[in-house]
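Enquirer: Give the three-dimensional model of this entry:
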Amino acid sequence: MKTHKKLWKEVFHDSKEYIEYYFANKAVRSGVYSDYDDGHLCAMAYFTPYEAMFMGRECKTHYIVGVATDKNYRHQKRMTKLLEQGIAVCFQEESPLVFLSPETPRVYKTLGFVGTYWRETTTVNYTGERWYKTVPFNELNKKGKDELAEFAEAMLLSEGFELYLKHSAGYYEEIEKELNALNGGVLVLYEGQEIVAAANYICEEGQMEVTELICQKDKGKKVVETISDHLGTAFLKIDDSYFISEIEGKGIVREKQEKPYIMYKITSTEESPELRCYINDIT
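Expert: Residues are numbered from 1 along each chain as shown. Reported below is the predicted structural model:
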């Protein structure tokens, strides 16, 4: 009998460490929808809950992940059935929307999902200086973690996003565990006692990658140089450029992704309007 972990590994090729992390920490609090054929796992989808801000109000939303079908059972509408079932449950639980990071956007368009967030990736290839003090998240006390959450929430609110995940202290504690499973963590940058940036990063196959960077925009260049210096690399990939869109010059290359990083769907029957969305570092 095929297990959920085995199917996950076959489809996504994630590391053993990450798979163990996910099933120990996130799968246990997710809605799990599975399809079987005579006891054989054919397809699965996980609906993982998150606290979010949506159109100015706090709500519970679900990230659809682990969307996988055994290669011998594809193109049989099995996954469509699971997704529709999960979305219906979310609606019954008064969760106003669901979202996902699509591999093939056209598949989800047929189910009513709308692209709402496109990433612009920045790669940096130069040496700089360390302008700010850097503190790993796991070295912060409770007060420091609360201040980090206040900083991130204030930055996201000030940008007028209509959909974003709440960056509470609890959110950062959970994301830190997830990043640790990917050889990374959360880095907090200070100018004196003031937080100027928060960076989530991972290291895969020896390559450092910043998966989310929230910073004061007028300090973007110095923030990037500080992160590069702290991580000990001249070459750094930053998955989203929103808060550093103003930095430019030699050694900086930007690339807009062609497909949406995030698609979402209203769980009721109404259409899903375009939104100003900011959702990064979601796995």
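
Enquirer: Mind listing what's buried along the longest strand anywhere in the chain?
Expert: For the chain, the longest strand by residue count, based on DSSP state E, is strand 40-54. Using 16 or more other C-beta atoms under 10 Å as the test for burial, strand 40-54 gives 41-50, 52-54. Where you see a C-beta, it was placed from the backbone N, CA and C, and this is true even at glycine.

Enquirer: so where is the stretch 151-283 of the chain shaky, pLDDT-wise?
Expert: 283 (pLDDT under 70).

Enquirer: residue boundaries of the strands in it?
Expert: 163-165, 185-191, 194-204, 207-215, 235-238, 252-256, 262-266, 277-278 (DSSP state E, counting those that start in this stretch).

Enquirer: Using a markdown table, please lay out those together with distance to K145 and mean neighbour count.
Expert: Shown next, in a markdown table, are the strands of the stretch 151-283 of the chain (distance: least, C-beta to C-beta, whole Å; neighbours: other C-beta atoms under 10 Å):
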| stretch | distance to K145 | mean neighbour count |
| --- | --- | --- |
| strand 163-165 | 16 | 21 |
| strand 185-191 | 9 | 20 |
| strand 194-204 | 11 | 21 |
| strand 207-215 | 15 | 22 |
| strand 235-238 | 23 | 20 |
| strand 252-256 | 32 | 12 |
| strand 262-266 | 26 | 23 |
| strand 277-278 | 21 | 22 |
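
Enquirer: okay if I get those as CSV plus distance to H75?
Expert: Listed next are the strands of the stretch 151-283 of the chain as CSV, based on distance: least, C-beta to C-beta, whole Å:
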stretch, distance to H75
strand 163-165, 32
strand 185-191, 40
strand 194-204, 31
strand 207-215, 32
strand 235-238, 34
strand 252-256, 31
strand 262-266, 21
strand 277-278, 31
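
Enquirer: closest one to K77 among those?
Expert: When those are compared by C-beta to C-beta, strand 262-266 sits nearest K77, at 17.8 Å.

Enquirer: so how far is that closest one from its chain's centroid?
Expert: 14 Å (C-alpha atoms, centre = their mean, to the nearest Å).

Enquirer: Would you mind pulling the contact partners of that strand?
Expert: With C-beta atoms under 8 Å, 6 or more residues apart in numbering as the test, strand 262-266 has contacts from 87, 96-102, 105, 108-109, 111-117, 163, 272, 275, 277, 279, 282.

Enquirer: now, which of these lie within helices?
Expert: I87, P105, Y108, K109 (DSSP state H).

Enquirer: Top of those residues by number of neighbours, please.
Expert: I87 (24 neighbours; other C-beta atoms under 10 Å).

Enquirer: re the thing from before, would you give the sheet partners of the longest strand of the chain, along with the direction of each?
Expert: strand 31-37 (antiparallel), strand 57-69 (antiparallel), strand 163-165 (antiparallel) (DSSP bridges).

Enquirer: Looking at the strands of the stretch 151-283 of the chain, which is nearest to K16?
Expert: Of all the strands of the stretch 151-283 of the chain, strand 194-204 comes closest under C-beta to C-beta, at 13.6 Å.

Enquirer: Okay, now the sheet partners of the closest one, with direction.
Expert: strand 185-191 (antiparallel), strand 207-215 (antiparallel).

Enquirer: Format those strands as TSV; extra columns: distance to Y261.
Expert: Shown next, in TSV, are the strands paired with strand 194-204 (distance: least, C-beta to C-beta, whole Å):
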stretch	distance to Y261
strand 185-191	20
strand 207-215	11
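
Enquirer: Mind checking those for the one nearest to D37?
Expert: Smallest distance to D37 across the strands paired with strand 194-204 (C-beta to C-beta): 36.5 Å, for strand 207-215.

Enquirer: Send me the closest one as PDB with only the CA atoms.
Expert: The C-alpha trace of strand 207-215 is given here as PDB (Å, rounded to 0.1, in the frame of the first residue of the first chain):
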ATOM      1  CA  GLN A 207      23.300  27.900  -2.900                       C
ATOM      2  CA  MET A 208      22.000  30.500  -0.500                       C
ATOM      3  CA  GLU A 209      18.500  31.700  -1.300                       C
ATOM      4  CA  VAL A 210      16.400  34.400   0.400                       C
ATOM      5  CA  THR A 211      12.800  33.200   0.300                       C
ATOM      6  CA  GLU A 212      11.200  36.300   1.800                       C
ATOM      7  CA  LEU A 213      12.700  39.700   2.500                       C
ATOM      8  CA  ILE A 214      10.700  42.500   4.300                       C
ATOM      9  CA  CYS A 215      12.700  45.600   4.800                       C
END
